[in-house]
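S.K.: I'd like to go over a predicted model; first the sequence, then the structure.
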Amino acid sequence: MLMHLFKWHIIKIENRRMMKSIRSVYKIGNGPSSSHTVGPYNAAIVFLGRYPEADHFEVTLYGSLAFTGAGHGTEKSIRAIIKDCDVFFDQKQTDLPHPNTMLFKAFKDGKLIGENRILSIGGGSIVIEGEESSDEKEIYPQKNLTEIIEQCRKEDISLLDFIYRYEGKELKDYLSKIWIAMKDTVERGLSSEGILPGGLNITRKAKTLYETRCHNEDSDTTMNRKIAAYAYAVSEENASEDIVVTAPTCGAAGVIPAIFYYMEKDRGFKEEEIIDALAVAALIGNVIRTNASISGAECGCQAEIGSACSMGAAGLAHLYGLSLDEIEYAAEVAMEHNLGLTCDPVNGLVQIPCIERNAVAAMRSISSVILARLLYQTRKISFDEVIATMYQTGKDMSEKYRETSHGGLAQIYRSK
Ligand code: SF4
């Protein structure tokens, strides 16, 4: 194809340095891809709100949205808000402000009355080109995890105290709703059977994984099997374009619910403890999206699954009462061993490798915490350094591996 011509001009988002609320790491929305469904859905709401008098709309999708938007359900998400709308897929335009760019146009009596380029920057968040994002305020003065931990040490407070100081106690109510939505998705997925939509003829596996014990299964295997079943449950709901919670994206939405559903249901942790763990996990996701990216189209799957794995490790380390150093190390280990992970979804669907990858990442979060407990005093690399490496690796990655379905497993499958 034209891949050698594709040189995304990755924008430097000027407000990348200050941290916004952790709330928007978790957004409730329809799968299968936060940047391809939730972001365009939000963009359609904003644009329609600007031109309520328009009688016709056009939306042109560029970059990753043009290549995988059909499989990811982008058109459907936009039409859910703007009924009278022509949607075009432009796979040729290369000079783009972001790999997920949309051009919205509004018409009245055949005349163009307004247009905006809107960027879907990951996790369902959007930026209107030339405008400051208005829906998310910057509330943390710290720029990265090093500064956050320094602040916690200075005041002898936990990460949780730190979060609630800036977010207020009402954050608990928000996270409580998020946790209910996450659990609903796990339970819906566990009770569902049949074939996933999209044409790959993939059978749902969550229920079987949950109900089928391995021969001579020991307690460790039971834990891994159940966590995998929970991750499959959410990811299969996501692939079915059902309601999920971004964590930090739809594609990676299975990791966090899998870990914490297991901890509540099978290990007896209380709901309030899980909600606090979700807060710490979200703080890590927030640091990543502020200093790097959580978008597969921008930095590959390391930015989605790697971020979810890192968030899960940090939240779990907090749940087990580990120290600041141990929490940081757990998050760092989890991201470090996802570095370079490509995004190559088969047929542009969020199914292969995405569903299985959520299960593996959830198990890897747990391994990262175990390593952190034993080895944190020997570490040489900080979490912030690994995040900077992930971002640089993503920028160096061929566009084939950034949610275009032109390389890797997608290419192999197509050629069969
Ligand atoms: S491969 Fe990873 S980043 Fe790409 S669509 Fe699947 S989960 Fe998302």
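M.R.: Looks like it came in fine. Just so it is clear, the structure is predicted and the values come from calculations on it, not from any experiment. Numbering: from 1, shown residues only.
S.K.: Surely E332 and F383 touch.
M.R.: Yes - between E332 and F383 there is a contact at 4.2 Å, judged by C-beta atoms under 8 Å. Where you see a C-beta, it was placed from the backbone N, CA and C, and this is true even at glycine.
S.K.: Overlap in contacts, these two.
M.R.: By C-beta atoms under 8 Å, 6 or more residues apart in numbering, E332 and F383 have these common neighbours: S310.
S.K.: A44 belongs to a strand?
M.R.: No - assigned with DSSP: H, G, I helix; E, B strand; the rest coil, A44 falls outside any strand and is helix.
S.K.: which ones are touching the nearest residue in space to it that is not next to it in sequence?
M.R.: Leaving aside its chain neighbours, A44 sits nearest to I81 (3.7 Å; criterion: C-beta to C-beta, 6 or more residues apart in numbering). Each residue near I81 by C-beta under 8 Å, 6+ apart is listed here: Y41, A44, I45, L48.
S.K.: residues near the second one, how many?
M.R.: Other residues near A44 come to 23 when the count uses other C-beta atoms under 10 Å.
S.K.: Could I get the pLDDT score of it?
M.R.: We have a pLDDT of 96 for A44.
S.K.: again, but for the first one
M.R.: On pLDDT, Y41 comes in at 94.
S.K.: ok, it - how many residues close by?
M.R.: Neighbours of Y41 using other C-beta under 10 Å come to 23.
S.K.: hang on, it in a strand?
M.R.: No - Y41 is assigned helix when assessed by three-state DSSP, not a strand.
S.K.: Could you pull out the strands in the chain for me?
M.R.: Counting by DSSP state E, the chain has strands at residues 19-20, 28-30, 56-63, 85-90, 100-108, 111-122, 125-128, 138-140, 243-245.
S.K.: Would you agree A410 is in contact with T342?
M.R.: No - look at A410 against T342 with C-beta under 8 Å: they stay out of range, at 9.8 Å.
S.K.: between the two, which one's more packed in?
M.R.: With neighbours defined as other C-beta under 10 Å, A410 and T342 compare such that A410 has more, 27 against 20.
S.K.: ok, the more buried one - contacts?
M.R.: Here A410 is in contact with D344, P345, V346, N347, G348 (C-beta under 8 Å, 6+ apart).
S.K.: from those, which are also near the ligand?
M.R.: The overlap between those and the neighbours of the ligand (C-beta under 6 Å from any ligand atom) comes to P345.
S.K.: Just name the closest of the contacts of A410 to the ligand, please.
M.R.: Using C-beta to the nearest ligand atom, P345 comes nearest to the ligand of the contacts of A410, at 4.3 Å.
S.K.: burial of that closest one, as a residue count?
M.R.: Other residues within reach of P345, judged by other C-beta under 10 Å, total 26.
S.K.: ok, now G321?
M.R.: Neighbour tally, G321, other C-beta under 10 Å: 9.
S.K.: gap between it and E273?
M.R.: From G321 across to E273, the span is 10 Å (C-beta to C-beta, to the nearest Å).
S.K.: what's the answer for M397, then?
M.R.: The value you get for M397 to E273, if C-beta to C-beta is used, is 38 Å.
S.K.: who has more neighbours, the two?
M.R.: Between M397 and E273, counted using other C-beta under 10 Å, the more crowded position is M397 (21 against 16).
S.K.: Just the pLDDT at that one, thanks.
M.R.: 97.
S.K.: My read is that it contacts T342, right?
M.R.: Yes - if you go by C-beta under 8 Å, M397 and T342 touch, sitting 6.9 Å apart.
S.K.: which residues do these two both contact?
M.R.: G300.
S.K.: Need phi/psi at D109.
M.R.: When read as degrees, to the nearest 10, the backbone of D109 gives phi 50, psi 40.
S.K.: and it, how many residues sit next to it?
M.R.: For D109, using other C-beta under 10 Å, the count is 8.
S.K.: Provide a list of residues in contact with the closest residue to it other than its chain neighbours.
M.R.: Excluding its sequence neighbours, the residue lying closest to D109 (C-beta to C-beta, 6+ apart) is D55, at 7.0 Å. D55 is in contact with D84, F107, K108, D109, counting by C-beta under 8 Å, 6+ apart.
S.K.: Now do the same contact list for the closest residue in space to A282 that isn't next to it in sequence.
M.R.: Leaving aside its sequence neighbours, A282 sits nearest to I22 (C-beta to C-beta, 6+ apart; 3.9 Å). Going by C-beta under 8 Å, 6+ apart, I22 touches I163, E167, L171, A279, A282, L283, G285, N286.
S.K.: if you set the cut-off to 7 Å instead, what comes out?
M.R.: Contact partners of I22, counting by C-beta atoms under 7 Å, 6 or more residues apart in numbering, are I163, E167, A279, A282, L283, N286.
S.K.: Quick check: it vs the ligand, distance?
M.R.: To the ligand, I22 is 21 Å away according to C-beta to the nearest ligand atom, to the nearest Å.
S.K.: for N216, same thing?
M.R.: 33 Å.
S.K.: got the phi/psi numbers for that residue?
M.R.: Backbone torsions of N216, given as degrees, to the nearest 10, read phi 50, psi 40.
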